[in-house]
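Need the 3D shape of this:
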Amino acid sequence: MCRQSATVCLIKSPSHRQRELADMNLRLSALPDPRARRGRRHVLASVLLTAACAVLAGARSYAAIGQWARHAPHDTLTGLGFHPRGSFGVRVPVSASTVRRVLAGVCPGGLADLLGQGPDGTESVAVDGKTARGSRTDTTAAAHLLSAVTAGGRTVSQLRVPDKTNEITAFIILLEPFDLTGTVVTADALHTQREHAKWLVEGKNAHYLLVVKGNQPKLHAAIRTLPWKEMTARRYDRERGRGRRETRSVRTLTVTGLGLDFPHIVQAVKILRHRTDLKTGRVTRQTVHAITDMTSSQASPQLIGRIVRAQWGTEAVHHIRDTTIRTGHGPQNMATLRNLAISTLRDVGCRSIAARTREVSYTPFTHPLDLLGLPVTCDAA
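Purely as a prediction, here's the structure:
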């Protein structure tokens with residue numbers, strides 16, 4: 001039975017990542033093949049590795065993956081595990097239609113094993129949901145994916161939210177398999193739920209930093225009326241980029257004993273964001289309130305500002321991986337392949353995913369295999 005789950009890949013050493021990549025083929029070989037036995041021309045692992053390499057080289061659709069495979073040289077097809085056929089030992093690449101059929105049918109939880117296993121610990125994990133662009137059809141609802149992303153931009157877990165439900169029901173299912181001891185889990189206001197806070201602190205020995213908005217009206221009103229102007233514990237950050245200048249101030253206040261009705265709450269947070277569009281000069285202002293179970297000694301305004309910034313950074317990951325694949329499990333599996341590409345590039349010290357993807361595309365039939373630890377050797381066959 002197909003499992004709707006995902007695996008985790010938190011902060012890892014290079015040697016750890018290399019060990020994961022080394023046994024990727026073995027793990028993929030254990031996946032159930034969604035195709036009928038009769039008529040299979042290619043091993044499932046070879047099809048999936050082809051898709052992974054093509055996405056690393058910039059492919060964003062089934063057709064693009066098929067085109068990459070069609071132009072791949074013999075040595076690349078050998079490294080991907082395609083078997084020689086006929087008396088001349090020619091290795092035939094996978095077609096776009098086969099890629100479409102496999103990615104639409106293969107178990108999403110199993111394909112997520114591409115991301116690897118074995119958490120080594122990370123400062124924070126941000127939970128956020130996003131509807132896959134273009135995944136809605138006349139007969140099916142759009143695929144809504146709930147993801148967990150580290151501060152470094154690595155997607156560590158992904159789950160498709162079942163139709164006719166919402167992210168709240170998937171929050172615990174998404175994080176349940178993982179050891180979160182000491183990790184700060186951040187989420188937007190939708191997940192500021194009493195059950196989630198209790199589960200994180202009491203069940204997972206984790207910390208939470210949750211945004212508070214109007215869906216918790218009493219809590220939101222109480223936090224807004226706290227004496228923020230009197231607080232001296234604050235942090236200012238300024239940055240410039242992407243055509244704008246942004247200034248953020250973070251204030252924290254210990255609220256133990258103030259009667260705020262929320263499990264394990266210790267501090268309240270107020271964040272002011274001022275953005276100036278450098279082209280138009282337009283200034284926008286945003287106020288964000290949050291709560292955490294961490295004490296002031298565990299979480300200073302500087303640390304909280306960094307963690308909240310990482311939470312906002314998940315939008316960039318969603319933008320990078322967005323795709324227009326529509327059918328079956330295609331949206332979730334293509335998102336997983338994009339997650340793999342992003343994580344692989346970040347593991348080699350990449351800061352700009354777009355720039356590094358262009359770099360990979362200059363040598364599209366060797367560089368992706370090198371990054372995934374796959375051999376590319378000359379084959380006389």
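
How many neighbouring residues does residue 357 have?
18 (other C-beta atoms under 10 Å). In this view, the C-beta of every residue, glycine as well, is placed from N, C-alpha and C.

With adjacent residues omitted, what lies nearest to the residue most central in space within the chain?
Nearest to the mean C-alpha position of the chain, counting by C-alpha atoms, centre = their mean, stands residue 155 at 2.6 Å. Leaving aside its sequence neighbours, residue 155 sits nearest to residue 339 (C-beta to C-beta, 6 or more residues apart in numbering; 3.8 Å).

ends of stretch 278-286, how far apart?
The first residue of stretch 278-286 is 18 Å away from its last residue (C-alpha to C-alpha, to the nearest Å).

Report the rounded mean pLDDT for stretch 197-206.
Averaging pLDDT along stretch 197-206 yields 95.

which ones are touching residue 271?
Taking C-beta atoms under 8 Å, 6 or more residues apart in numbering, we find residue 271 in contact with 248-251, 287-290, 305, 308.

can you put these in CSV and add neighbour count, distance to residue 67 and pLDDT?
Shown next, in CSV, are the contacts of residue 271 (neighbours: other C-beta atoms under 10 Å; distance: C-beta to C-beta, whole Å; pLDDT from 0 to 100):
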residue, neighbour count, distance to residue 67, pLDDT
248, 20, 44, 87
249, 16, 49, 90
250, 25, 48, 92
251, 20, 53, 93
287, 10, 48, 93
288, 19, 44, 93
289, 21, 49, 95
290, 27, 46, 95
305, 20, 44, 87
308, 22, 41, 85
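
related to what we said a few turns ago, quick check: the residue nearest to residue 155 is in a strand.
No - secondary structure assignment places residue 339 outside any strand; it is helix (DSSP: H, G, I helix; E, B strand; the rest coil).

Just the pLDDT for it.
Value listed for residue 339 in the pLDDT field: 76.

ditto for residue 29
70.

and what of residue 91?
90.

can you tell me which residues contact it?
74, 77-78, 82-85, 381.

so how far is residue 350 from it?
As judged by C-beta to C-beta, to the nearest Å, residue 91 and residue 350 stand 31 Å apart.

Which of the three states applies to residue 275?
strand.

Tell me what it is bridged to.
residue 246, residue 284 (DSSP bridges).

so where do the strands sit in the stretch 201-350 of the chain?
Along the stretch 201-350 of the chain, the segments classed as strands by DSSP state E, counting those that start in this stretch run 207-212, 234-241, 244-254, 267-277, 283-292.

any weak-confidence spans in the stretch 101-250 of the chain?
107-122, 132-143, 152-154, 163-165 (pLDDT under 70).

Let me see the ranges of the helices in it.
108-111, 167-175, 194-198, 217-224 (DSSP state H, counting those that start in this stretch).

Quick one, which of the contacts of residue 91 are buried?
74, 77-78, 82 (16 or more other C-beta atoms under 10 Å).

how many other residues sit next to residue 334?
29.

now swap in the one 10 residues further on and tell me
Residue 344 is surrounded by 25 other residues when neighbours are defined as other C-beta under 10 Å.

from memory it sits against residue 53, does it?
No - under the criterion of C-beta atoms under 8 Å, residue 344 makes no contact with residue 53, lying 10.4 Å away.

what secondary structure does the residue lying farthest from the centre of the chain sit in?
In the chain, the greatest distance from the average C-alpha position (C-alpha atoms, centre = their mean) is reached by residue 87, at 44.9 Å. Taken by three-state DSSP, the conformation at residue 87 corresponds to coil.

how near is it to residue 94?
The gap separating residue 87 from residue 94 is 22 Å, by C-beta to C-beta.

Leaving out chain neighbours, which residue sits closest to residue 151?
residue 310 (3.8 Å).

which ones are touching the one you found?
For residue 310, the contact set (C-beta under 8 Å, 6+ apart) comprises 124, 126, 150-151, 186.
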